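**Q** Following is a predicted model, sequence given first.
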Amino acid sequence: MMEKERDANMARTKNRPLPTGRITMPQAGVFAGATCSLGTAILFNVGGLMPAAVALSTAALYTMVYTPMKVKSPYNTHVGSIAGSLPVLIGFSVAGVPLFGDLAPWTLFLLQTLWQFPHFYALAWLFRVDYSRAGYRMFPLTDETGHETAAMCRPYMMALAALPVAASALGVTSWMFAFSGVSLRLEFDLVGPDIIAGRSAPPSALAGLRMITVVPNLVYYRYGFARFSKSPSGASARRYFLHSVWYLGAMMGLFVLHAQRPHSKGEEKDSDERGSWFSHEIDFADWRTEFRAKIEKKWCIHDWLKLDPTVARELCPPRPASL
């Protein structure tokens, strides 16, 4: 509603319902007010005051600060990244996770905050003519070559690669999150079929050893950022942007898979002794426990070592397969 006229001046947004008149301003206002009120009420009923308050803060920050700032300062992305990450905290608070005292919510909050800079900078550079015509202010709009935009994205790409290591080191996730979230490329063929032949690795795992496993940061960096940084163009910027979309979902999925489970009642060791930052209790759904066990038992090299410790001498460190 606030950007109806600007949307009409952009090729990317001119066909939206408000600019085309398919929806009137009063209709949009009623819908926005109703959904905001209903959503807040549901959150309050299900999760209490905290998720409802965070939701209202998100709406206020987005409409009252971020949106007006988009035409006043190129730093609007910094504000927008916070508004765009607050829904993560809503989800955690609805699940009963205290936002103050646990690092898990803030790990995903930081992930999504860092992610938004390369995501939106790539989009802004790709549609820089459109954005300029509509009167928006963003750093990439004055970058004719794209190299400055790539340079601005680089620190955030590095931070995204470091985040899984920090999460694992702090006990928010298992170290498998760092392994799967940071490794730029792992060629399982380095292990060699002759090494694991006859061992206790499951057949599905043996098949996996014949594959080149590409993890999120490799694809996002190598096939998204690196190509855009080397040769900025409409095609490489679009590819970089599209890679960012699936990357976020993949990293969040890995976080869910490898998040450390809170300690249940009756355990002898408390969270400090066990190295976990969770100080509360959550009953993880059965599907998560079963899925995690199934995936790790079939694909995790560390589980193979637990099944047959003698393999450790040959698998760690990996060596090239014999020819």
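**A** All right, it came through fine.
**Q** Wait, G171 touches Q260, no?
**A** Yes - counting by C-beta atoms under 8 Å, G171 sits close enough to Q260 to count as a contact (6.1 Å). Using the backbone N, CA and C atoms, a C-beta is placed for each residue, glycine as well.
**Q** Kindly list the longest helix within this structure.
**A** The longest helix of the chain (DSSP state H) is helix 234-258.
**Q** And that helix, what's buried?
**A** Buried residues in helix 234-258, defined by neighbour count with 16 or more other C-beta atoms under 10 Å: 236-237, 239-241, 243-244, 247-248, 250-251, 254-255, 257-258.
**Q** ditto for stretch 157-171
**A** 157, 159-161, 163-164, 167-168, 171.
**Q** can you list those in TSV and add distance to V129?
**A** TSV is the format used below for the buried residues of stretch 157-171 (distance: C-beta to C-beta, whole Å):
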residue	distance to V129
M157	25
A159	30
L160	28
A161	32
L163	34
P164	37
A167	39
S168	43
G171	47
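**Q** Output those in TSV; the columns should cover secondary structure.
**A** Shown next, in TSV, are the buried residues of stretch 157-171 (DSSP: H, G, I helix; E, B strand; the rest coil):
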residue	secondary structure
M157	helix
A159	helix
L160	helix
A161	helix
L163	helix
P164	helix
A167	helix
S168	helix
G171	coil
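**Q** Return the closest of those residues with respect to Y75.
**A** Within these, the smallest distance to Y75 is 17.9 Å, found for A159 (C-beta to C-beta).
**Q** Could you verify my assumption that the closest one touches L114?
**A** Yes - A159 lies in contact with L114 (C-beta under 8 Å); the separation is 5.0 Å.
**Q** Can you give me every residue that contacts I23?
**A** The contact partners of I23, taken as C-beta atoms under 8 Å, 6 or more residues apart in numbering, are 17, 31.
**Q** can you rerun that using 10 Å?
**A** 1, 4, 16-17, 31 (C-beta atoms under 10 Å, 6 or more residues apart in numbering).
**Q** same question, R16
**A** 3-4, 7-8, 10, 22-23.
**Q** go on, E5?
**A** Counting by C-beta under 10 Å, 6+ apart, E5 touches 18-19, 134-135.
**Q** and it, what helix or strand is that in?
**A** helix 4-8 (DSSP states H and E).
**Q** Then F109?
**A** helix 104-126.
**Q** Now do that helix against helix 234-258: the angle between them, please.
**A** Relative orientation of helix 104-126 versus helix 234-258 (axes from the mean of the first three to the mean of the last three C-alpha atoms, to 10 degrees): 170 degrees.
**Q** so what secondary structure elements neighbour helix 104-126?
**A** helix 76-94, helix 128-134, helix 147-169, helix 226-230, helix 234-258 (3 or more C-beta pairs under 10 Å, 6 or more residues apart in numbering; DSSP states H and E).
**Q** Include mean pLDDT and distance to F44 when you put the ones you listed into a markdown table, please.
**A** Shown next, in a markdown table, are the helices and strands packed on helix 104-126 (pLDDT from 0 to 100; distance: least, C-beta to C-beta, whole Å):
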| stretch | mean pLDDT | distance to F44 |
| --- | --- | --- |
| helix 76-94 | 95 | 10 |
| helix 128-134 | 92 | 36 |
| helix 147-169 | 91 | 30 |
| helix 226-230 | 87 | 43 |
| helix 234-258 | 88 | 25 |
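**Q** Not counting its neighbours along the chain, what's nearest H258?
**A** Counting by C-beta to C-beta, 6 or more residues apart in numbering, H258 lies nearest to F177, which is 3.8 Å off, once chain neighbours are set aside.
**Q** Let me see the contact set for that neighbour.
**A** Counting by C-beta under 10 Å, 6+ apart, F177 has contacts 107, 163-165, 167-168, 251, 254-260.
**Q** In a markdown table, list the residues you listed along with distance to P51.
**A** A markdown table is the format used below for these (distance: C-beta to C-beta, whole Å):
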| residue | distance to P51 |
| --- | --- |
| T107 | 18 |
| L163 | 24 |
| P164 | 26 |
| V165 | 30 |
| A167 | 23 |
| S168 | 27 |
| M251 | 23 |
| L254 | 24 |
| F255 | 19 |
| V256 | 18 |
| L257 | 24 |
| H258 | 24 |
| A259 | 19 |
| Q260 | 22 |
